[in-house]
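Chemist: Please find the sequence and the predicted model below.
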Amino acid sequence: MDPDRRPRLTPAIADVRRAVRAALPADGLILVALSGGPDSLALAAATAFEAPRAGVKAGAVIVDHGLQQGSADVAAAAAQQARLLGLAPVLVRTVTVGTGGGPESAARDARYAALAAVADELDAAAVLLGHTLDDQAETVLLGLARGSGATSLQGMPAEAGLYHRPLLGIRRSMTEQFCVDSELEVWNDPQNDDEAFTRVRVRHAVLPVLEAELGPGIAEALARTAGQLREDADALDHFAEEMAEDFAEIVEAGIALPVKALAAQPPALRQRLIRFVVASEFHLSLSRAQTLEISRLVTDWHGQKSLDVPGVKVERRGGRIVFHATGVGELTGHDPILEH
């Protein structure tokens, strides 16, 4: 695209710009996570247009995972596009991808670590990610297939701390059309067509079949479901946090919750309260199976011995469920729940 020629305002350009405009923070530096693909490139171009008009400084970060031949050239080309769009600063970070959790998970961990490091280095207010409505639908389907519960079915949040996703209401076809209308040269990641990856199979096989058999609008319906579940989960999490502040008691080397208060709650709230206390006090995440076993100390008590989950010992004692750290350094030295 000629950097001196402004593209005409098409419906795709208008919709993407509008979504970005609504997501911009009031001030500070924002960074676009740019790969060169249509989603992140549309996000970068819309941000470059909207940010100066909102009085916000906008730059870009390109993460080179080093997993494909020529990846450094792809990263350099994306960086050049960002500069031509008017984004500054533009940084390229090369990462080493580990092997833990599978290739997709390892690459994601390396990417987010690099984005967080650059944001910290530049004191950025937010990092914008190019996930679209289609990505959200795929995430919900994957969570459903894994039986991961309501947490996974919530999909990706529009905002999560440093990270903002302005395009969660925009279809992938719209970002592709944005790039065509803007005459932007798009890089198509070959891994996006590699059916060795589960997400690619969902994208190319599962969602099209659902659309064909059940009618159009499946992706939008899945995204709506994610939004509704997130609203419900946020409310339950809020109630659990308030209850923890009211009920949690400091005990030697740990924390306790009263059995009577736990028993009075519906299962969804009781189990959230248990998970919240363990996460807040011991920085550990309980599985559903572990949470249910702890909950049985409340609802199905007949003298069971203590439970040992990694890092925490749980027992019923004197009308309370008591949580103790079992590893050295598990406790923080203060009570984060009662400090809210």
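Modeler: Alright, I've got the coordinates. Everything quoted here is computed from the prediction, not taken from an experiment.
Chemist: Stretch 275-294: how far from the chain's middle?
Modeler: 20 Å (CA atoms, centre = their mean, to the nearest Å).
Chemist: Give me the mean pLDDT for it.
Modeler: Predicted confidence along stretch 275-294 averages 89 (mean pLDDT).
Chemist: got the end-to-end distance for that stretch?
Modeler: Start-to-end span of stretch 275-294 (CA to CA, to the nearest Å) is 10 Å.
Chemist: Buried residues of that stretch, list them for me.
Modeler: 275-278, 280-282, 284, 286, 290-291, 293-294 (16 or more other CB atoms under 10 Å). Quick note: C-beta positions are derived from backbone N, CA and C, even for glycine.
Chemist: how far out from the middle of the chain is the helix or strand where residue 240 lies?
Modeler: Assigned by DSSP states H and E, residue 240 falls within helix 218-247. Between the mean C-alpha location of helix 218-247 and the chain-wide mean there is a distance of 14 Å, by CA atoms, centre = their mean.
Chemist: That one: which residues count as buried?
Modeler: 218-219, 222-223, 225-227, 229-230, 233, 236, 240-241, 243-244, 247.
Chemist: which is the next helix or strand following that helix?
Modeler: Helix 218-247 is succeeded, C-terminally, by strand 249-251 (DSSP H and E).
Chemist: next SSE after that next one?
Modeler: Following strand 249-251 toward the C-terminus (DSSP H and E): strand 254-258.
Chemist: Touching that next one from outside, list them.
Modeler: 244, 247-250, 273-274, 277, 281, 317, 319-325, 331, 335, 337 (CB atoms under 8 Å, 6 or more residues apart in numbering).
Chemist: Could you check how far residue 58 is from residue 244?
Modeler: With distances taken as CB to CB, to the nearest Å, residue 58 is found 39 Å from residue 244.
Chemist: for residue 222, same thing?
Modeler: 32 Å.
Chemist: same deal with residue 215?
Modeler: For residue 215 relative to residue 244 (CB to CB), the value is 44 Å.
Chemist: and what of residue 221?
Modeler: Residue 221 sits 34 Å away from residue 244, going by CB to CB.
Chemist: Residue 187 too?
Modeler: Taking CB to CB, one finds residue 187 at 47 Å from residue 244.
Chemist: now do residue 152
Modeler: Counting by CB to CB, the gap from residue 152 to residue 244 is 23 Å.
Chemist: ok, which stretches of this structure are helices?
Modeler: Using DSSP state H, the helices of the chain run over 11-23, 38-53, 71-85, 103-122, 133-146, 150-153, 172-181, 198-201, 207-214, 218-247, 259-263, 267-282, 288-299.
Chemist: Return the member of these having the minimum mean pLDDT.
Modeler: Among these, helix 150-153 scores lowest, at a mean of 72.
Chemist: from the buried residues of stretch 275-294, which two are the most distant?
Modeler: Farthest pair in these (CB to CB) is 280 and 293. Separation: 19.5 Å.
Chemist: Among the contacts of strand 254-258, the buried ones, what's the ChimeraX command?
Modeler: Only the buried members of the contacts of strand 254-258 enter the following ChimeraX selection, criterion being 16+ other CB under 10 Å:
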select :244,247,248,273,274,277,281,320,321,322,323,324,325,331,335,337
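Chemist: can you pull up the bridge partners for the residue lying closest to residue 118 once chain neighbours are set aside?
Modeler: The spatial neighbour of residue 118 that comes closest, neighbours along the chain excluded (CB to CB, 6 or more residues apart in numbering), is residue 61 at 4.9 Å. On the basis of DSSP bridges, residue 61 is bridged to residue 33, residue 91.
Chemist: Local confidence estimate at residue 1?
Modeler: For residue 1, the predicted pLDDT is 56.
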